[in-house]
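Engineer: Show me the folded form of this:
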Amino acid sequence: MKLDCFSISLAVKDLKASRDFYQKLGFSVFAGEMSQRFLIMKNGATNIGLFQGMFEGNILTFNPGWDQSAQGLEDFTDVRKLLYEIEQQGIEITDKNIEGDQGPASFSFVDPDGNAILIDQHR
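Structural biologist: Numbers count the residues shown, from 1 in each chain. Sure, this is the predicted structure:
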């Protein structure tokens, strides 16, 4: 199963403090805006999303159709096919936001330890 771009989405209490902390570790702001309460930080091929007040807990995020720099991939597995494959493995889907046969869509589920996993296709 090919899931493409991976990042960890962190639920942070203070976006500025978190940004400053990760900058000390060599991360730089790649996307997002303080005014929208989220930033995507990048250090090489490692992506960390910082989200203030948008959700509880941390989320493992995969973006089908993107490489680690959020550039579109020519060849990727559509989120709808991934949903089917994951359901066929007997994994319970906790949330689904899928309309139509193509384009942006997402779904999520939880691993055995309670970690949320989001499959979020943007194109």
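Engineer: Tyr22 against Asn47, yeah?
Structural biologist: No: using CB atoms under 8 Å, Tyr22 makes no contact with Asn47, being 11.0 Å away. (C-beta placed from N, C-alpha, C; glycine too.)
Engineer: Find residues that contact each of these two.
Structural biologist: Met41 (CB atoms under 8 Å, 6 or more residues apart in numbering).
Engineer: So which residue of the chain lies furthest out from the middle?
Structural biologist: What lies farthest from the middle of the chain is Lys24; by CA atoms, centre = their mean that is 22.7 Å.
Engineer: List the contacts of that one.
Structural biologist: Here Lys24 is in contact with no residue (CB under 8 Å, 6+ apart).
Engineer: how close does Ala45 get to Asn58?
Structural biologist: With distances taken as CB to CB, to the nearest Å, Ala45 is found 19 Å from Asn58.
Engineer: mind listing the helices for this structure?
Structural biologist: Secondary structure of the chain by DSSP state H: the helices cover 15-24, 79-88.
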